[in-house]
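Q: here is a sequence with its predicted model. Questions after.
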Amino acid sequence: MIGPVLSYLIAVSLFLASVLATAHILLTKQDVRAAIGWVAIVWFLPGAGALGYIVLGVNRIHRGAERRRQIVLGEGADRTGEEPQLLPSLDPTAAPRFASHARLAHHMTGMALKGGNRLSMLINGDATYPAMLNAIDGAKHFVALSTYIYDWDRVGREFADAFKRATERGVRVCVLVDAMGSFLIARRLRNLGIDARSFNVPGPAHLAFLNLRTHRKLLLVDGELGFTGGMNIRDVHCEAGERDFLSQDVMFQVEGPILQQLGRVFEDDWRFAGGSKLNGLVKDASRIGDATGPAVLRTVPDGPAENMSATAWIIESALFIARRSIKITTPYFLPDINLVSALSQAALRGVQVDILVPERNNMRIVGWASEALYSSLIKYGVNIHLTPPPLDHTKMMVVDDYWALIGSSNWDARSFRLNFELNVEIYDPVMARRLDAFLAEKVARAHRLSWEEVSNWSILHKLRNRAFWLLSPYL
């Protein structure tokens, strides 16, 4: 039997834990709905609620590391200051609203626009992986890879062999994989003599192991060539994959001054993961001389240490400046009320809004939660298109044949609030029209949901969707 004194101490401890957790919630949470939810959990489940909040609700990224991240990525820019030479960087055909949007994006990221870049779109692993492997085999100075999932399958072993060959040639190879997305991969690569690290390894000081992952995809070679987008290192993106062709995706080959920013993102992540200082290797090797292409680009790194999501704010701004068309494709579509409202308002203004989502999601719960949003969007004129299998894992947004966003972010809370993501803004009418046409082909092959179809879903179907929608902040 527990004595009265021990019972009293336990009760007092649980009460104090609930008070302290509540104080932390009130001082740190920016979303009132999340704050109310966590306070309710803490007090309705004394002790267990506080423990759940400690495990899942607290951002433990070390503030010192985040200050270093901002210094490295900020390029000396003040988020409240004017971006130097903003307007001359944009194409002369750019409407004033895009200049205003570019200014907002600068404030959100601290990143300057970079002109003189060249982009090439690579569709699926059959085009992407050979180009990346050829670049690694041609490397003379350094290779840097960052990825969320690195499978030890045919494709993963091909990359490992290429890294080993580069290392044996004297090339510095740095491989950064997420500790949860690529469990034990860093150890396997180190056993081959490759300098590999895991990002944010779970431990006693970091119990929220499902959150704060690096979802970034980036390959840099000699500061002359880069690849970024939404594709992991796994053969599911290849038509002849060991597990059949299960997923579609794109990557972008990048050349030009934007490599400076991408290199700094990797360099800071590498140091954050405990890697040795690169001694300016990425930064110095990334100095580009003459302009190589017409695209004006900006790197948009995002992470959970910020009070707001830079990516979400940039997307919302782009939705508000749209005048003709918006095309979006994402495998996981769980936007918050602000983005749902912005999409609906754009449609009501007469903008054609097309959203592409998978017909059958590989994460069924996420698919059901997404369906809960369709009726409210379709009612205001937003077009929802269901893409047939294989799963379309592409993440892309195009506005008015001028501006686009590509990269690793999905349209969900995990990407906007919990993961470290990497996206690139594109200010280039030629590339934007190419991406718009690419998405238009997907629209032509997809099934557009009608208001009648959604309205005729059974009550059980709707209840299931709404029940899982309640979990959307955590999916």
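A: Okay, I see it.
Q: CA only for contacts and neighbour counts going forward, please
A: Noted.
Q: got a pLDDT number for residue 286?
A: You'll see residue 286 listed with a pLDDT of 45.
Q: and what of residue 86?
A: pLDDT, residue 86: 52.
Q: chain neighbours aside, what residue packs nearest to residue 408?
A: residue 230 (4.6 Å; C-alpha to C-alpha, 6 or more residues apart in numbering).
Q: my guess is that neighbour contacts residue 410, does it?
A: No: look at residue 230 against residue 410 with C-alpha atoms under 8 Å: they stay out of range, at 9.3 Å.
Q: what touches both of these two?
A: residue 395 (C-alpha atoms under 8 Å, 6 or more residues apart in numbering).
Q: ok, the residue nearest to residue 408 - contacts?
A: 216, 217, 249, 250, 251, 393, 394, 395, 407, 408, 409.
Q: same check, this time on residue 274
A: residue 197.
Q: how close does it sit to residue 409?
A: 25 Å (C-alpha to C-alpha, to the nearest Å).
Q: same thing with residue 44?
A: Counting by C-alpha to C-alpha, the separation of residue 44 from residue 409 is 34 Å.
Q: looking at the two, which is more packed in?
A: Shown here are residue 44 and residue 409; by other C-alpha atoms under 10 Å, residue 409 has more neighbours (28 against 12).
Q: which residue packs closest to the more buried one, ignoring adjacent ones?
A: Per C-alpha to C-alpha, 6+ apart, closest to residue 409 is residue 415, 5.3 Å.
Q: can you pull the phi/psi pair for the one you found?
A: Main-chain torsions, residue 415, degrees, to the nearest 10: phi -70, psi -40.
Q: hmm, it is touching residue 407, no?
A: No: counting by C-alpha under 8 Å, residue 415 does not reach residue 407; the two are 11.1 Å apart.
Q: got any residues that touch both of those two?
A: Joint contacts of residue 415 and residue 407 (C-alpha under 8 Å, 6+ apart) are residue 421.
Q: and the one helix or strand residue 163 maps to, which residues are buried?
A: Using DSSP states H and E, residue 163 falls within helix 154-168. For helix 154-168, the neighbour count (16 or more other C-alpha atoms under 10 Å) marks 155, 156, 157, 158, 159, 160, 161, 162, 163, 164, 166, 167 as buried.
Q: neighbours around residue 456, how many?
A: Neighbours around residue 456, by other C-alpha under 10 Å: 10.
Q: distance of it relative to residue 359?
A: 17 Å.
Q: residue 266 now?
A: 34 Å.
Q: repeat for residue 106
A: Distance from residue 106 to residue 359, by C-alpha to C-alpha: 36 Å.
Q: the more surrounded of the two?
A: residue 106 (27 against 18).
Q: any idea whether the more buried one is helix, strand or coil?
A: Following DSSP: H, G, I helix; E, B strand; the rest coil, the label given to residue 106 is helix.
Q: kindly report the same for residue 125.
A: Following three-state DSSP, the label given to residue 125 is helix.
Q: which ones are touching it?
A: For residue 125, the contact set (C-alpha under 8 Å, 6+ apart) comprises 231, 235, 237, 238, 239, 249, 250.
Q: one more time with 10 Å
A: Neighbour list for residue 125: 131-132, 155, 231-241, 245, 247-251 [criterion: C-alpha atoms under 10 Å, 6 or more residues apart in numbering].
Q: for residue 32, see how far away it is.
A: 42 Å.
Q: one step back: just send the contacts of residue 230 back as JSON lines, with secondary structure, distance to residue 317 and pLDDT too.
A: As requested, those are exported to JSON lines (DSSP: H, G, I helix; E, B strand; the rest coil; distance: C-alpha to C-alpha, whole Å; pLDDT from 0 to 100):
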{"residue": "216", "secondary structure": "coil", "distance to residue 317": "23", "pLDDT": "96"}
{"residue": "217", "secondary structure": "coil", "distance to residue 317": "24", "pLDDT": "97"}
{"residue": "249", "secondary structure": "coil", "distance to residue 317": "25", "pLDDT": "95"}
{"residue": "250", "secondary structure": "strand", "distance to residue 317": "24", "pLDDT": "97"}
{"residue": "251", "secondary structure": "strand", "distance to residue 317": "24", "pLDDT": "98"}
{"residue": "393", "secondary structure": "coil", "distance to residue 317": "24", "pLDDT": "95"}
{"residue": "394", "secondary structure": "coil", "distance to residue 317": "21", "pLDDT": "96"}
{"residue": "395", "secondary structure": "coil", "distance to residue 317": "18", "pLDDT": "97"}
{"residue": "407", "secondary structure": "strand", "distance to residue 317": "17", "pLDDT": "97"}
{"residue": "408", "secondary structure": "coil", "distance to residue 317": "19", "pLDDT": "97"}
{"residue": "409", "secondary structure": "coil", "distance to residue 317": "16", "pLDDT": "96"}
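Q: distance to residue 296 added to those residues, as CSV?
A: Below are these laid out as CSV (distance: C-alpha to C-alpha, whole Å):
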residue, distance to residue 296
216, 21
217, 20
249, 23
250, 20
251, 18
393, 25
394, 22
395, 20
407, 16
408, 19
409, 20
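Q: relative to residue 98, which of those residues is nearest.
A: residue 407 (19.8 Å; C-alpha to C-alpha).
Q: please name the bridge partners of the closest one.
A: residue 423 (DSSP bridges).
Q: would you map the helices across the stretch 351-475 of the chain?
A: Counting by DSSP state H, counting those that start in this stretch, the stretch 351-475 of the chain has helices at residues 364-378, 413, 429-445, 451-455, 459-469.
Q: okay, the ones you listed, which one's buried deepest?
A: Across the helices of the stretch 351-475 of the chain, the average number of neighbours (mean count of other C-alpha atoms under 10 Å) peaks for helix 413, which reaches a mean of 21.
Q: quick one: least confident helix or strand in this structure?
A: helix 63-74 (a mean of 45; mean pLDDT, DSSP states H and E).
Q: so residue 455 touches residue 462, yeah?
A: Yes: Residue 455 lies in contact with residue 462 (C-alpha atoms under 10 Å); the separation is 9.4 Å.
Q: buried subset of the contacts of residue 125 as a ChimeraX selection?
A: Buried residues within the contacts of residue 125, as defined by 16+ other C-alpha under 10 Å, are selected in ChimeraX through the command that follows:
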select :132,155,231,232,233,234,235,236,237,238,239,241,245,247,248,249,250,251
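Q: so who does residue 38 touch?
A: 21, 22, 25, 26, 29, 32, 44, 49, 50, 52, 53, 57.
Q: helix or strand for it, which one?
A: Per DSSP H and E, residue 38 falls inside helix 32-44.
Q: identify each buried residue in the host helix or strand of residue 342, please.
A: Secondary-structure assignment from DSSP H and E places residue 342 in helix 337-348. For helix 337-348, the neighbour count (16+ other C-alpha under 10 Å) marks 339, 340, 341, 342, 343, 344, 345, 346, 347 as buried.
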